[in-house]
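Novice: I'll drop the sequence and a predicted model, then ask my questions.
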Amino acid sequence: MPAPPPVTISLLPRPTKAHARAGHFTFGPDTCLRISSGAEPAAQLLRTLLAPATGLPLRSAEDAAVVLALDPALTGLGSEGYGLTVGPHSVLLRAAQTTGLLRGVQTIRQLLPPQALAASPQRGVRWSLPCVEITDVPRHRWRGAMLDVARHFQPVSYLRRYVDLLALHKINVFHLHLTDDQGWRMPVAAFPKLTEIGSHRAQSMIRAGSDDHDGVPHGGAYTRAELADLVRYAAARGITVMPEIEMPGHVRAALAAYPHLGNRPDRVLDVWTRWGVCDNLLGVHEDVFDFCRTVLEEVMDVFPSPYIHIGGDECPTVEWEESPEARARARDAGLSSPAALHGWFLGRVGAFLTRNGRRPVGWAETGTELPDDFIVMAWRDPAHALAAAERGHEVINSHHRATYFDYPQSAGPQEHPAQPGAVVALRGVHAHDPVPEGASPEAAARVLGTQAQLWTEYAATPDRLEYLTYPRLSALADLAWSGPTQWTDFRSRLDRHVPRLDALQVSRHP
Ligand code: TNX
C-alpha cells in the first residue's frame, strides 16, 4: 500500500478550533468501535457512510480504538457541538447530545481521503486520517436548505440523496416546499383530489414573461409512507424536515382540486402552467379554515418538526377586495381593509399550530406584518430581517440576493436557463452575514441563522438541481456554521472540498 501523502487539515464547514498533531490513525478491517449508550445512531451513520467505499465492518468491541461517547456533562458543546481527538492509536469523538456526534461523524468522513465518499469499493487507498484535536460548535442554530418540489417534482429517492449532501455540510433543516400554484405533492386523506387533480399540470411555461409553453405534462406526488420514511432518514443524519404548505396565496393547485375553497366557487381553474405571482387566493369562509386545520393535522402527523411553514408570500389581495363575502368578513373582524385579511388569516392558522405545540414560520413581505408568534423568513430585503428581529421575532435571514440558488451563478452565456433578474455568485453567498448590519445585541440574538432557497421553475432534473446548489451551498453552510471567514481561506478549503463532491458525483457548477 502506498504511504499516506502529507496531510493538512481542511474541513468544510470550518471547525471552531482545530490543532493538527503529528501522525495518522489508520482504519482497517479490524478497527472496532466502542459505543456509549446513546451513541448508537452515530455508530450506525459512520458505518453506513463508510461501508460503500471502504468495506470497513467497524464492529463493536469493548476495547476498541475508536470511541463514540455521549457525555451530557459537556454542556459547552450545546446540542450540536462535538470534540474529536485523533491520535496515532485512537479516535475519540464526544458530544453532549447525539446530534453532536452525528456532526462529528461527518468531520471524520471529511478527514479521510476523498475516495471514502465514493459510492463503490475503492481499492489501494489507505484509510488514514491526520492526528488532530478539534472542538467544534456552530455559530447559528438554523442552517437550512429549501427545495421546491412543487414546481418540479423529485422522487423521494432523490430527496434522500439531497439530504445526504446537506448532512455532509452540517445543514440541520431541510425545508420541503410541498405545495404551490403549479402542484400539490403531499397526500391528505380527507382531501384526495389535492393529489388526484392538484399534482398534475398540463404543461409548463418555458421562459418568464413569454407565453411559450413546453406542451409536456408534469406531475408527481409522494405517499405518506415515503414522506414518513424521509423524515426518519433525515433524522438519522441530524436533519429536521420542515414541511411548507402555502397559504393563503400560491394555492392554485388546491383550488383546481376544490373550487369551493376559493373566492369564486363557480369558477373552474386548472393547475397553473405559468410561473410568477398568481392572483387566486383561498377564501376566508369557515370551510377554508376547516380545510387548513385538517391538512395541517395530517402534516403534523407525518412531520414531527417543531416548525411548520405556512407560506404567506406574494399574496395580491384583489380577489378579497372584489369579493362581497371577504369584504364583509374583514368588516366583521374589525379590519381596516380586505388587505388586512392576510395577517388575520395567518394569525388564525398560526394560532392553531401554536395550540398544537408547533411554531409557525412564514415568508416576510415587509418584516412587520407577520403575527407575533411567527418565525420570520426574510427574503426580500435585509432591512426586513432587521425590522422583524427588532420587533421581537426570531428570524431566518434568507435574502434572495445571497441565498436564492435559482438565480444563475454568473452572467456568462454558458449558464443554463435560470430565474431571470439577478446573479447570485459564490462570492456573494460567502459574503452574506446572516446577522443584519445595525442589529442591536438583542435583535442579533434573535437571528436564528440562514438558509438556501432552491425554487425550481427552471430546474427539472437532479443534474440541474445540483448544478445550482453546488458549490454555493458549501459557502452558505460554511457561513452558517462558522460565521464569516476570509474569502481566501474559504477558497482554499473549497478546493480541497471539491474532490469530495466529485467522489459523490455531484453535478456541480465549475
Ligand atoms: C419568489 S420567495 C417566490 C417564489 C418564486 C421565487 C423565484 C418566495 C417566498 N416566493 O414563489 O419561486 O420568488 O425566485
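Specialist: Okay, I see it.

Novice: mind checking how far the helix or strand hosting G100 is from the chain centre?
Specialist: Secondary-structure assignment from DSSP states H and E places G100 in helix 98-111. How far helix 98-111 lies from its chain's middle: 19 Å, per Cα atoms, centre = their mean, to the nearest Å.

Novice: for stretch 53-73, same thing?
Specialist: 29 Å.

Novice: I would like the residues contacting that stretch, please.
Specialist: If you take Cβ atoms under 8 Å, 6 or more residues apart in numbering as the criterion, stretch 53-73 is touched by 25, 27-29, 31-39, 42-43, 46-47, 50, 89-98, 101, 115-122, 125, 127, 503. For every residue, glycine as well, the C-beta is placed using N, CA and C.

Novice: Can you list the buried residues in it?
Specialist: By neighbour count on 16 or more other Cβ atoms under 10 Å, the buried set for stretch 53-73 is A53, T54, L56, L58, A64, A65, V66, V67, L68, A69, L70, D71.

Novice: quick one: which of these is nearest L230?
Specialist: Nearest to L230 among those is A53, at 24.0 Å by Cβ to Cβ.

Novice: State the distance from T85 to V67.
Specialist: 9 Å (Cβ to Cβ, to the nearest Å).

Novice: between those two, what contacts are shared?
Specialist: Contacts common to T85 and V67, judged by Cβ under 8 Å, 6+ apart, are V91, L92.

Novice: Apart from its chain neighbours, what residue comes closest to the residue of the stretch 251-400 of the chain found nearest the ligand?
Specialist: Among the residues of the stretch 251-400 of the chain, D313 lies closest to the ligand, at 3.4 Å counting by Cβ to the nearest ligand atom. If the residues on either side of it in the chain are set aside, D313 comes closest to W363, at 3.6 Å by Cβ to Cβ, 6 or more residues apart in numbering.

Novice: Unless I misread the structure, that neighbour falls within a strand.
Specialist: Yes: assessed with DSSP: H, G, I helix; E, B strand; the rest coil, W363 lies in a strand.

Novice: does the ligand sit close to the helix or strand bottoming out on mean pLDDT in the chain?
Specialist: One helix or strand of the chain scores below all others by mean pLDDT, DSSP states H and E: helix 382-390, with a mean of 95. No: on the criterion Cβ under 6 Å from any ligand atom, helix 382-390 is out of touch with the ligand, staying 11.8 Å away.

Novice: Contacts for the helix or strand that that helix is followed by next, please.
Specialist: Counting by DSSP H and E, the next helix or strand C-terminal to helix 382-390 is strand 395-397. Outside strand 395-397, the residues within contact range by Cβ under 8 Å, 6+ apart are 142, 144, 361, 375-378, 382, 385, 388-389, 403, 432, 434-436, 446-451.

Novice: hmm, strand 395-397 in reach of the ligand?
Specialist: No: using Cβ under 6 Å from any ligand atom, strand 395-397 stays clear of the ligand, coming no nearer than 11.9 Å.

Novice: Excluding residues flanking it in the chain, which one is nearest the residue in the stretch 351-500 of the chain that the ligand sits nearest to?
Specialist: In the stretch 351-500 of the chain, the residue found nearest to the ligand is W455; the distance is 3.4 Å by Cβ to the nearest ligand atom. Spatial nearest neighbour of W455, excluding adjacent residues (Cβ to Cβ, 6+ apart): D406 at 4.2 Å.

Novice: Repeat that for D212.
Specialist: I206 is the one closest to D212 (Cβ to Cβ, 6+ apart), at 4.3 Å.
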